[in-house]
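> Could you look at this predicted model? Sequence included:
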Amino acid sequence: MNAEALLQHFERNTDTPDAIGRLRRFVLDLAVRGKLVSQDSKEEPAAGLLARISVEKARLLATGEVRTPKTLPRIADVPFEIPQSWRWTQIAEIGLLSPRNAAADDLPASFVPMTLITAEYGAAHGNEVRPWGEIKNGYTHFANGDVGLAKITPCFENGKSTVFRSLSSGIGSGTTELHVVRPLFVTAEYVALFLKCPHFIEAGIPKMTGTAGQKRVPTEYFAYSAFPLPPLAEQDRIVAKVNELMALCDQLEAARAKREAARDRLAAATLARLNVPDPVTFADDARFALDVLPALTARPDQVKQLRQTILDLAIRGKLVAQDPGDEAFHDLFKRVSFSKSDLSGASRCQDIDIDGLPANWIAAKISEIANVGTGLTPSRSKPEYFEPADIPWVTSGETSDAFVNSAVQHVSTLALKETSLKVYPPGTLLIAMYGQGKTRGQVTELNIAATTNQACAAIVLLVADEAHRRYVKIFFQKMYDEIRERSAGGAQPNLNVGKIKSTAIPLPPIAEQHRIVAKVTELMALCDRLEASVSAGEVCRCRLLDALISQSLEPADSFERT
């Protein structure tokens, strides 16, 4: 396998995560290794080019146009092999570092802040026209044909660099966070593509100095790193080839975006027929969706959408058939809960739309079918609340799994006696009411008796039935975000116990709850398989692309090496 073979297989690899970005970086890597275009033995070798650059520098020094440069350090190690006609050199050898401009103060010039320099290869920088006198002091100077490299994090890591072109009056200044070189007899665009190549950026990141958020690439790395110099004519061919391949990447990226948009529209249309079902065609629509969605599902976010649709159908009575012979939930509740609550009135809560339920369903507030509480954090100033610790104390950070089987922390019986902590029994549902990360909004179930912290709501259902618990859990998994958005708390509202108590839940007969839970379990297993298939496909494509790239970087027989 060689580079040409990989480039011919661009389209096969575009579904790999970040495939186009990786292929762009690969093109740049090939370019600076001398593997993108062929060499021509008739062309002046890089050694001759370096000799001409040396003569030009001597002339500029003799006329006083430049100061005596520092002695170049020896290149200790070279990172990879290059063609025989190339030479390892340094940016400081092939150009003038940090050049200065001299011009009249009233001359219109270009000002280029960091925000107008892009990371994309080949994208032109922007500029603001100002009088030279306003921008000549306190800024970095450059002129048409100079090459600038962003030296500060994260701009350097993102690949921000540019060739300055189309500057007003041919000169400009800008952000002080730039290293600038003025190449002599070297194609500026070739220098720029080297500054964007993975090797230069990855090798430079560990060499950055400064504090977090203010790290910078030192001048020594920019100026004296090993720089692979091709013959001048080959530089131009390399730049032309890179431009051609980057344009191809643009086309592939657009084609992929078009495919993804079409796939998203088909998936959305399929899910829409389930989310707003037609009673006459719903059964056929559901079968169709389950048949076609696996083929349309290529990303994890699409599987997440399918999961949410399944949960939505479950709590609206659209997932399984109703049986008029099923005992209504309020009748069962009256028999087994020993509660004074009367659910036959089908109470409503305005903040959640649960209209249009099947005839044998009711709606009740959570407080009518469960005891709802929370916990607290015992005072850390009283070590006796935590030692001896023999009672599990669960925090919201431990609610990301389906079940809580153990607790990281424990409290003492004294904490239980002197505070309002309660021990909740196994089977209690816990909801993470606030917090950050993956635990926020998670609904889990205690498999142990435990207390909780104040960030958890504890729901102890009055009907002790496993399928009923799972159904209520399904409801909160689907409705958590909608309930939270109607809670107090500004831009990032949190849940509270009062809001959970007043939340209305649609309740099918207990027999139907069993059928719903079984069907949700079955369909979630399908989603698990889809997710695994998507993940496996991504891994496989990544490995294939990695293998192709690795083989393409092997020395080709047609290239003569030093």
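Nice, I can see it. Numbering: from 1, shown residues only.

> ok, which stretches of the stretch 201-350 of the chain are strands?
Taking DSSP state E, counting those that start in this stretch to define them, one finds strands in the stretch 201-350 of the chain at 227-229.

> Against residue 201, how distant is the closest residue to residue 327 other than its chain neighbours?
By the measure of C-beta to C-beta, 6 or more residues apart in numbering, the closest residue to residue 327 outside its immediate chain neighbours is residue 509, 5.7 Å from it. Where C-beta positions appear, they are placed from N, C-alpha and C, glycine not excepted. Here the distance between residue 509 and residue 201 works out to 62 Å (C-beta to C-beta, to the nearest Å).

> Could you do residue 161 as well?
Taken as C-beta to C-beta, the span from residue 161 to residue 201 is 9 Å.

> Kindly report the same for residue 190.
Distance from residue 190 to residue 201, counting by C-beta to C-beta: 16 Å.

> Settle it for me: which of the two has more neighbours?
For residue 190 and residue 201, the more surrounded residue by other C-beta atoms under 10 Å is residue 190, and the numbers stand at 26 against 19.

> and that one, what element?
For residue 190, the host element (DSSP states H and E) is helix 188-196.

> quick one, helices of the stretch 201-350 of the chain?
For the stretch 201-350 of the chain, applying DSSP state H, counting those that start in this stretch gives helices covering 219-224, 232-275, 282-296, 300-315, 329-336.

> Let's have these in TSV, adding distance to residue 521 and mean neighbour count.
What follows is these, written out as TSV (distance: least, C-beta to C-beta, whole Å; neighbours: other C-beta atoms under 10 Å):
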stretch	distance to residue 521	mean neighbour count
helix 219-224	57	18
helix 232-275	18	16
helix 282-296	15	14
helix 300-315	10	19
helix 329-336	20	17
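
> closest one to residue 28 among those helices?
Taking C-beta to C-beta as the criterion, helix 232-275 is the member of these that comes nearest to residue 28, at 7.0 Å.

> Next, the angle from that closest one to helix 300-315.
Relative orientation of helix 232-275 versus helix 300-315 (axes from the mean of the first three to the mean of the last three C-alpha atoms, to 10 degrees): 0 degrees.

> Ranked by average pLDDT, which of the helices of the stretch 201-350 of the chain falls at the bottom?
For the helices of the stretch 201-350 of the chain, the bottom mean pLDDT is recorded on helix 282-296, which sits at a mean of 65.

> The residue nearest to residue 327 contacts residue 328, correct?
Yes. Under the contact definition of C-beta atoms under 8 Å, residue 509 touches residue 328, with a separation of 5.7 Å.

> These two - which one has more neighbours?
More neighbours sit around residue 509 than around the other of residue 509 and residue 328, counting by other C-beta under 10 Å; the figures are 23 against 18.

> And the more buried one, how close does it get to residue 503?
Using C-beta to C-beta, one gets 21 Å for the distance from residue 509 to residue 503.

> How about residue 207?
Residue 207 sits 55 Å away from residue 503, taking C-beta to C-beta as the criterion.

> now residue 380
Where residue 503 is concerned, residue 380 sits at a distance of 33 Å (C-beta to C-beta).
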